[in-house]
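Peer 1: only geometry, no sequence info:
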Ligand code: GLN
């Protein structure tokens, strides 16, 4: 009951849950108690994990925080949630997200904005928890849940983790199955966990990961014991500091924190190397072509016929239009329009194909850097959490700039983690990011633990 009571008590302030399921939580917790009593505890026995609302949980409404999926109750379980329950974790709630995971602030959920449990010093102003997995990060940061799940398509686990003082992990592409998760941009979507410590995040990643024949892009290899990498010495590791991440106009506090991170790793015996990722500045533009292109195709299935809500029209086409017009929020409509535009005949070569070429070059940049170093250290975000409403109404580009340091790892599919590394002048948390070679989450966890 405890976690459910805490969730219900916090919900009016934080608005981070869209479903709270006391009955199921109790049943699962009691089953866990029995196992513990019999000495048969599994790695996450009895541990509450909040589920981002795009993971299908059998028999529980799953909407990806969109009106268009209102009333959709899956008859199947996503692989990520199934893996967690098989490891003993307890389901108690679905967490709100930016609609269809499109956003960096958790202001576009159909259930309204999520509130960050952190406040600036002496201020009563509510801040965003970051997005799109901000419902999960708010629930963990507020101490309600031990862990949370998210998906990271362009930063949506790492950025909200940084904004709420948590650890957020985006594993290698294919490490965690996408089966049963509502798709945004399939080639960029990475399920992963949020947690309070690097060790907790390593345990959750280990339990969520694994080959899944139901996801054709799932990695077939064994999952290493990521927990064992936590606390391992970083002595002799080569850590790259990419000069292109030193952006004009970056706040001094972020610059300072980054320099401190470098010093901590040096003190732990790592060797610091300057590296260059020349294509960095093209990552965001490429992302905002590829992600909407894939989204426009993925979201075509929401037509009012197969799932969720329907608005009846005069005929079939009219029904599609009315359903999609009413069911999708503005940001989602914007993405679908951009996506269909860049994929349409005559523009495909100029935009989509060009973006794919840039993607390949960005991957080559990373490969070249990882020829010289074992890990890269960068800030996670260009700012700390901002007030609710302060960016949503400005230009979308300003919102998109939140992802400037995070999208590159999605484009390349390499693992990346955000670790809470300090507070800004307002007393708000800031994160540092560690990026490593594909499938080398172990080095990522070791370096991250050295920064904790
Ligand atoms: N903020 C980015 C976007 O809006 C990334 C979102 C995500 O990672 N799901 O597309």
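Peer 2: Structure's in. What do you need? Everything quoted here is computed from the prediction, not taken from an experiment.

Peer 1: Please count neighbours and contacts with C-alpha atoms only from this point.
Peer 2: Will do.

Peer 1: At the contact with the ligand, which residues of this structure appear?
Peer 2: 101, 102, 103, 104, 132, 152, 153, 154, 155, 156, 403 (Cα under 6 Å from any ligand atom).

Peer 1: Which residue ranges of the stretch 351-452 of the chain form strands?
Peer 2: Taking DSSP state E, counting those that start in this stretch to define them, one finds strands in the stretch 351-452 of the chain at 375-379, 416-423, 429-436.

Peer 1: Now do the strands in the chain.
Peer 2: According to DSSP state E, the chain carries its strands in the segments 17-20, 48-52, 90-95, 147-152, 167-170, 190-195, 238-242, 271-275, 375-379, 416-423, 429-436.

Peer 1: Mean neighbour count, those strands: which tops it?
Peer 2: Mean neighbour count (mean count of other Cα atoms under 10 Å) peaks for strand 167-170 among those, with a mean of 34.

Peer 1: Remind me what that one packs against, helices and strands.
Peer 2: helix 158-164, strand 190-195, helix 198-208, strand 416-423 (3 or more Cα pairs under 8 Å, 6 or more residues apart in numbering; DSSP states H and E).

Peer 1: what helices or strands is the third one leaning on?
Peer 2: Here helix 198-208 touches helix 79-86, strand 147-152, strand 167-170, strand 190-195, helix 226-229, helix 441-451, going by 3+ Cα pairs under 8 Å, 6+ apart.

Peer 1: how about CSV for the ones you listed, with mean pLDDT added?
Peer 2: Below are these laid out as CSV (pLDDT from 0 to 100):
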stretch, mean pLDDT
helix 79-86, 98
strand 147-152, 98
strand 167-170, 98
strand 190-195, 98
helix 226-229, 98
helix 441-451, 98
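
Peer 1: where does this protein dip in pLDDT?
Peer 2: 1, 393 (pLDDT under 70).

Peer 1: So in it, which helix runs the longest?
Peer 2: Secondary structure of the chain per DSSP state H: the longest helix is helix 354-372.

Peer 1: what ranges do the helices span in the stretch 201-350 of the chain?
Peer 2: 226-229, 252-267, 283-298, 316-327, 330-343 (DSSP state H, counting those that start in this stretch).

Peer 1: so how far is residue 111 from the residue most central in space within the chain?
Peer 2: Geometric centre of the chain, nearest residue: residue 157, 2.3 Å, by Cα atoms, centre = their mean. Distance, residue 157 to residue 111, by Cα to Cα, to the nearest Å: 20 Å.

Peer 1: ok so, going back, relative to residue 390, which of the helices and strands packed on strand 167-170 is closest?
Peer 2: For residue 390, the closest of the helices and strands packed on strand 167-170 is helix 158-164, at 15.1 Å, according to Cα to Cα.

Peer 1: got the strands of the stretch 351-452 of the chain as CSV, with distance to residue 249 columns?
Peer 2: Putting the strands of the stretch 351-452 of the chain into CSV (distance: least, Cα to Cα, whole Å) gives the following:
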stretch, distance to residue 249
strand 375-379, 14
strand 416-423, 19
strand 429-436, 17
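
Peer 1: Out of those strands, which is closest to residue 35?
Peer 2: Nearest to residue 35, of the strands of the stretch 351-452 of the chain and by Cα to Cα, is strand 416-423 at 32.6 Å.

Peer 1: contacting residues around that closest one?
Peer 2: The contact list for strand 416-423, computed with Cα atoms under 8 Å, 6 or more residues apart in numbering, reads 158-159, 161-162, 165-172, 198, 257, 261, 380, 409, 429-436, 441, 444-445, 448, 451-452.

Peer 1: Next, the contact list for the residue lying closest to residue 404 once chain neighbours are set aside, please.
Peer 2: Sequence neighbours aside, residue 284 is the residue nearest to residue 404 in space, at 6.2 Å (criterion: Cα to Cα, 6 or more residues apart in numbering). Residue 284 makes contacts with 400, 401, 403, 404, 407, 408, as judged by Cα under 8 Å, 6+ apart.

Peer 1: From residue 51, how far off is residue 21?
Peer 2: 12 Å.

Peer 1: which neighbours do the two share?
Peer 2: Common neighbours of residue 21 and residue 51 (criterion: Cα under 8 Å, 6+ apart): 91, 93.

Peer 1: How many residues are close by the residue nearest to residue 83 when sequence neighbours are not counted?
Peer 2: Among residues not flanking residue 83 along the chain, residue 208 sits closest, at 5.6 Å (Cα to Cα, 6+ apart). For residue 208, the neighbour count with other Cα atoms under 10 Å is 25.

Peer 1: How about residue 336?
Peer 2: 22.

Peer 1: residues contacting the closest residue in space to residue 280 that isn't next to it in sequence?
Peer 2: Of all residues not flanking residue 280 in the chain, residue 244 sits nearest, at 6.5 Å (Cα to Cα, 6+ apart). Contact analysis of residue 244 by Cα under 8 Å, 6+ apart lists 276, 277, 278, 280, 281.

Peer 1: next one: residue 11
Peer 2: Applying Cα under 8 Å, 6+ apart, the residues near residue 11 are residue 17.

Peer 1: And residue 162, how close does it get to residue 311?
Peer 2: Residue 162 is 39 Å from residue 311, by Cα to Cα.

Peer 1: out of the two, which sits in the busier spot?
Peer 2: Neighbours around residue 162 and residue 311, counted as other Cα under 10 Å, are more numerous at residue 162. The numbers are 32 against 18.
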